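**Q** sequence? don't have it. structure:
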């Protein structure tokens, strides 16, 4: 996944981030990525390495919680017979990252022993394997990532100040997803498309307006990683070609925002009209016939396709969002007539749509779509 493909968009914050990445990438010095969890720091580390022009590989550093007894062998490697079970020589991570990049994630959780090694190694150009007297020259660029305030940790004695002095001068600040609302929908579309390819489903990704409202209104504490997980759950439920509806979203997203029910009704009907016009290539007569079929089916079931069933009317008359509610608003059925001509004029009033001329509908006839969808003042 290439960060530059979709991260920038129209977000001024991310344009600034990418400008900073472009500035620090060609340099040989350590870079510190600072941002909240799940905000894409690992992706940015790969992007910095890609733009650095270094011929070596991007190597992931050891886990911060690695045992001190294994740390030296993991970083520096060992010679054959250096210790028990060392049956053959092995290169360490520093050698593997020669002419490349060594990436340490969650550096704030690194043990004191690992921090001590890094203090001497950041500016060191040689490594010596355990049990070997020969020094090997290496050219390694270091990238560190954290979601913590390292200065505060250093003041409390939990992070070495001398290590912070060495790694904390080239900083790339990564914003939270909630700070970049322009990225939410493009990222969601991209992630869902990827999941569809993994599941081998040829489904065109389309979010209904209520879903867009919920995605944009969610605070996203887990940032990009959480959005990717939400798209994974949507992909499991999306087995047929249809827009993504609120019922496809996990509870964590739907519970965080409570949109206006009237706005949700208008949004869903807007999606239905737009989808129908697209399916009929702007043919108003055919769109009207399809809407008449929806109306007749809704009279039998009491509910429109794509609308939540809600609770029974006997429990809460306001809870059920159904066809009869919309009919009562003068929004679905033709007043006094269900002829296609009236339906056609109603669909025309909802346009613009490519290649279709906007028509006029008499007051009291047709769907009254403009009033329902909020296109006019109520």
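**A** Yes, it's here. Quick caveat, the model's predicted, so the values are computed rather than measured.
**Q** ok, the nearest residue to residue 239 once chain neighbours are set aside - contacts?
**A** Take residue 239 and drop its neighbours on the chain: the residue closest to it by C-beta to C-beta, 6 or more residues apart in numbering is residue 201, 7.2 Å away. Every C-beta, even on glycine, is put in place using the N, C-alpha and C of the backbone. Contact analysis of residue 201 by C-beta atoms under 8 Å, 6 or more residues apart in numbering lists 235, 238-239.
**Q** got it, and residue 104?
**A** Going by C-beta under 8 Å, 6+ apart, residue 104 touches 61, 64, 110, 118, 142-145.
**Q** Please list the members of these that lie in helices.
**A** Residues of the contacts of residue 104 located in helices (DSSP state H): residue 118.
**Q** Can I have the buried ones of the contacts of residue 104 as a ChimeraX selection?
**A** Filtering those down to the buried ones (16 or more other C-beta atoms under 10 Å) takes a single ChimeraX command:
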select :61,110,118,142,143,144,145
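**Q** from the contacts of residue 104, which is closest to residue 185?
**A** Closest approach to residue 185 among those (C-beta to C-beta): residue 145, at 26.2 Å.
**Q** surely the closest one meets residue 110?
**A** No: Residue 145 is not in contact with residue 110 according to C-beta atoms under 8 Å; the separation is 11.4 Å.
**Q** Tell me which strands the top strand by length along the chain pairs with, and in which orientation.
**A** Longest strand of the chain, by residue count under DSSP state E: strand 140-146. Within its sheet, strand 140-146 is paired with strand 31-34 (parallel), strand 100-104 (parallel), according to DSSP bridges.
**Q** How about residues contacting it?
**A** Contacting residues not belonging to strand 140-146 are listed as 28-35, 41-42, 45, 48-49, 52, 54, 94, 97-98, 100-108, 118, 122, 167 [C-beta under 8 Å, 6+ apart].
**Q** Likewise for stretch 162-176?
**A** By C-beta under 8 Å, 6+ apart, the residues outside stretch 162-176 that reach it are 13-14, 17, 20-21, 24, 27, 29-36, 39-41, 44, 48, 107, 115, 118-119, 122-123, 142, 144, 150-151, 154, 220, 223.
**Q** In space, what's closest to residue 105 - neighbours in sequence excluded?
**A** Excluding the flanking residues, the one nearest residue 105 by C-beta to C-beta, 6+ apart is residue 145, at 4.8 Å.
**Q** Residue 50 versus the one you found, what's the distance?
**A** 16 Å (C-beta to C-beta, to the nearest Å).
**Q** thinking again about what came up before, now do the SS call for the residue nearest to residue 239.
**A** Following DSSP: H, G, I helix; E, B strand; the rest coil, residue 201 is assigned to coil.
**Q** switch to numbering from 169
**A** In the new count, where the first residue is 169, that last one comes out as residue 369.
**Q** Tell me how far it lies from residue 356.
**A** Distance, residue 369 to residue 356, using C-beta to C-beta: 17 Å.
**Q** do residue 302 as well
**A** According to C-beta to C-beta, residue 302 and residue 356 sit 53 Å apart.
**Q** More neighbours: which of these two?
**A** Neighbour tally, residue 302 and residue 356, criterion other C-beta atoms under 10 Å: the higher count belongs to residue 356, 22 against 8.
**Q** I figured that one hits residue 383, correct?
**A** Yes: between residue 356 and residue 383 there is a contact under C-beta under 8 Å: 5.9 Å.
**Q** Overlap in contacts, the two.
**A** 375, 395.
**Q** Residue 382: neighbouring residues, count only.
**A** Residues near residue 382, counting by other C-beta under 10 Å: 22.
**Q** Using the three-state scheme, assign it.
**A** Recorded secondary structure, residue 382: helix (three-state DSSP).
**Q** Same question for residue 227.
**A** Residue 227 ends up strand, using three-state DSSP.
**Q** Tell me the pLDDT of the residue nearest to residue 407.
**A** At residue 369, the predicted lDDT confidence score is 90.
**Q** and residue 351, how far is that from residue 396?
**A** Distance, residue 351 to residue 396, using C-beta to C-beta: 13 Å.
**Q** More neighbours: those two, which one.
**A** Legend: neighbour count by other C-beta under 10 Å for residue 351 and residue 396, higher for residue 351 (23 against 18).
**Q** Look up the closest residue to residue 220, ignoring the ones flanking it.
**A** Counting by C-beta to C-beta, 6+ apart, the nearest residue to residue 220 once its immediate chain neighbours are dropped is residue 193, at 4.9 Å.
**Q** thinking residue 448 is in contact with residue 457, fair?
**A** No: counting by C-beta under 8 Å, residue 448 stays clear of residue 457, with 9.0 Å between them.
**Q** returning to that earlier point: could you dump the contacts of residue 272 into a markdown table and include distance to residue 413?
**A** Listed next are the contacts of residue 272 as a markdown table, based on distance: C-beta to C-beta, whole Å:
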| residue | distance to residue 413 |
| --- | --- |
| 229 | 43 |
| 232 | 42 |
| 278 | 45 |
| 286 | 50 |
| 310 | 47 |
| 311 | 41 |
| 312 | 42 |
| 313 | 37 |
